[in-house]
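>>> structure, please.
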Amino acid sequence: MSTTTVQKSATADQAPAPAAPGGTRRRGERSLLGTLASHGILTVASLIALFPIAWLVFLSLGPDKDDYLHPGRIWSKMTFDNYSFVLQETNFFDWLKSSLVVSLGTTVIGVLIAATTGYAVSRMRFPGYKKFMWVLLVTQMFPVAVLMVPMYQILSELQLIDTYIGLILVYCSTAVPYCAWLMKGYFDTIPFEIDEAGRVDGLSPFGTFLRLILPLARPGLAVAAFYSFITAFGEVAFATTFLLDDEKYTFAVGLQSFVSEHDAQRNLMAATAVLIAIPVSAFFYLVQKNLVTGLTAGGTKG
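The predicted structure follows:
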């Protein structure tokens, strides 16, 4: 009798849950109409985002500088001559070298300063630490035109005009404040007990930061690195002002060589813009795994 009761109880536990009534959906289950609507919205948004890129690639295949006025004519005369001209007849590879040197230099120096600043404000309580972060934020309020003259005077006195390091320092002044806020918010999500465990094991504050905290902050570092890289790679105003030698031009300045007072070679500009997107896309591919995690986690506390 007892055995039969146990078997019936086990059979009852393994029985599947009763199906929901015909017109009722379980929690979290989406209707067919809702699924189609969400997919439709995402498809339209994707097309809107991809259209400018596809249009730029399409215009870069037109052989004439005025083909953008009559894009329908490009279909019958598509060519890659614009790419050949940019790669062979311009200083494209000098622009590439300069852009990579400036962008990677800004990324390394900017992320290093921002990470140490964010960690110090997140973990240490010194007089004025809150005001210090607000001062960093206020520096972003000044327009480029206001900062141009004092920065030029400072770099001129330091003999850093027309040098990579001078431009890198200028870009760091833009990238570091935002990245410091980002890293501070991310470090706030890391338990303080990890720092205490490092101190117990005999690590110095810098050793704790380097060996324990930085590996956990990899997503936040990826976001800060990507922002710093993009900031330096696509900036125009500072690069135009502080770089004088055409062999040191970055891509942003080099593109201006296709524009004169009375003419603009838009087909060559389009081809150059497509080629410029390749290193940025490669850098994005390297850090994409950590971008979403870093953006969401860095905004949870602040």
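
>>> so after the strand or helix carrying residue 198, what's the next helix or strand?
Here residue 198 sits within helix 192-200, counting by DSSP states H and E. Where DSSP H and E defines the elements, the next helix or strand beyond helix 192-200 is helix 205-208.

>>> and the average pLDDT for the helix or strand following that following helix is what?
Of the helices and strands lying after helix 205-208 in sequence (DSSP H and E), the nearest is helix 214-216. Averaging pLDDT along helix 214-216 yields 87.

>>> can you list contacts of helix 214-216?
115, 190, 194, 221 (CB atoms under 8 Å, 6 or more residues apart in numbering). (Glycine included, C-beta is placed from N, CA and C.)

>>> ok, residues contacting the next helix or strand after it?
Downstream of helix 214-216, the first helix or strand assigned by DSSP H and E is helix 218-233. The contact list for helix 218-233, computed with CB under 8 Å, 6+ apart, reads 99, 102-107, 110-111, 114-115, 168, 171-172, 174-175, 178-179, 182-183, 186-187, 214, 250-252, 279-280, 283-284, 287, 289-291, 293-295, 297-298.

>>> just how off-centre is helix 218-233 within its chain?
5 Å (CA atoms, centre = their mean, to the nearest Å).

>>> going forward can the numbers begin at 37, since that is how I track them
I'll keep to 37 as the first residue from here, and by that count the last item is helix 254-269.

>>> returning to that earlier point: buried by neighbour count: which residues of the helix holding residue 234 qualify?
231, 234 (16 or more other CB atoms under 10 Å).

>>> packing partners for that helix?
Helices and strands touching helix 228-236, by 3 or more CB pairs under 8 Å, 6 or more residues apart in numbering; DSSP states H and E, are helix 241-244.

>>> from what I see, residue 128 and residue 293 are in contact.
No - in this structure, residue 128 is not within contact of residue 293 by CB atoms under 8 Å, at 10.6 Å.

>>> between the two, which one's more packed in?
For residue 128 and residue 293, the more surrounded residue by other CB atoms under 10 Å is residue 128, and the numbers stand at 19 against 16.

>>> how close does the more buried one sit to residue 304?
10 Å (CB to CB, to the nearest Å).

>>> and for these two, which residues touch both?
residue 122.

>>> re earlier: weed out the non-buried ones from the contacts of helix 250-252.
151, 226, 257.

>>> what secondary structure does the second one sit in?
In this case it means residue 226. Put simply, residue 226 is coil when judged by DSSP: H, G, I helix; E, B strand; the rest coil.

>>> surely it and residue 249 touch.
Yes - shown here, residue 226 and residue 249 form a contact pair, counting by CB under 8 Å, at 6.2 Å.

>>> from residue 209, how far off is residue 176?
10 Å.

>>> same question, residue 190
In terms of CB to CB, residue 190 sits 10 Å off from residue 209.

>>> could you do residue 273 as well?
For residue 273 relative to residue 209 (CB to CB), the value is 13 Å.

>>> what's the overlap in contacts for these two?
What both residue 273 and residue 209 touch, as defined by CB under 8 Å, 6+ apart, is an empty set.
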